[in-house]
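*Asks:* Sharing a model that was predicted from the sequence below.
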Amino acid sequence: MVGRKNSIESTSYLQEGYNEYTKRLSSTIQLSTTYHKSNDDLLKGLQVDSKKGFGIICLDEKGAMYTSTEFSSAMYHWMEEYGSRLVFVIGAAEGLPAEIKQYQYQYNNQYSGGGEGKKGKGNGSGNGSGSGGIFNRSPIFMSLSKMTFTHPWARTILVEQIYRASEIHKGSGYHKD
């Protein structure tokens, strides 16, 4: 996430919500937030994560939109594909850097598990732009909504949806269709 930690965490009720869902997930999914001071720092961090084989999921208004059930299926598919290592990216106030967005047009959401805005077929395992690119494999682009959210809201909504996805996968009664 690009932004200042203090400005994000100063919205205490959203931080409390994030902490609650992180606590609920702690027995099954480990979450952490990394703050980057600039887009350059973000790109360097993502390049390292990509080389480690982590799945990169970028939040972008033009990304695929999922129902909660579709997101659960997609998330667990990605976890299997990437060895349970996923990185969700929330860009700066101006959105994702152009160096990341270029991949959206090359390989936009190839996972075929449903969701609005899907293009093509496949499993999200594109190979980026070849040698010299930021990513070993193309990132996946998804949207939380057609609306725009502040960083604290996006982070809290995302962690709740990750929790909901895990509960759907377990078959608990948390999610109501």
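*Replies:* Yep, that arrived.

*Asks:* Would you map the strands across this structure?
*Replies:* Residue ranges of the strands in the chain, as given by DSSP state E, are 55-65, 86-89, 140-143.

*Asks:* Check these for me and report the most buried one.
*Replies:* strand 140-143 (a mean of 25; mean count of other C-beta atoms under 10 Å). C-beta: built from backbone N, CA, C; applies to glycine.

*Asks:* Would you reformat the strands of the chain as JSON lines and include distance to residue 164?
*Replies:* Output for the strands of the chain, formatted as JSON lines (distance: least, C-beta to C-beta, whole Å):
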{"stretch": "strand 55-65", "distance to residue 164": "15"}
{"stretch": "strand 86-89", "distance to residue 164": "14"}
{"stretch": "strand 140-143", "distance to residue 164": "14"}
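
*Asks:* Could I get these in TSV, plus columns for mean pLDDT?
*Replies:* Formatted as TSV, the strands of the chain follow (pLDDT from 0 to 100):
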stretch	mean pLDDT
strand 55-65	92
strand 86-89	94
strand 140-143	94
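
*Asks:* Show the contacting residues for residue 143.
*Replies:* 59, 60, 61, 62, 63, 64, 65, 117 (C-beta atoms under 8 Å, 6 or more residues apart in numbering).

*Asks:* ok, residue 25 to residue 15 distance?
*Replies:* 16 Å (C-beta to C-beta, to the nearest Å).

*Asks:* what does residue 87 give?
*Replies:* From residue 87 over to residue 15 (counting by C-beta to C-beta), the distance is 21 Å.

*Asks:* if we can go back for a sec, do you know which of the strands of the chain lies nearest residue 35?
*Replies:* strand 86-89 (12.1 Å; C-beta to C-beta).
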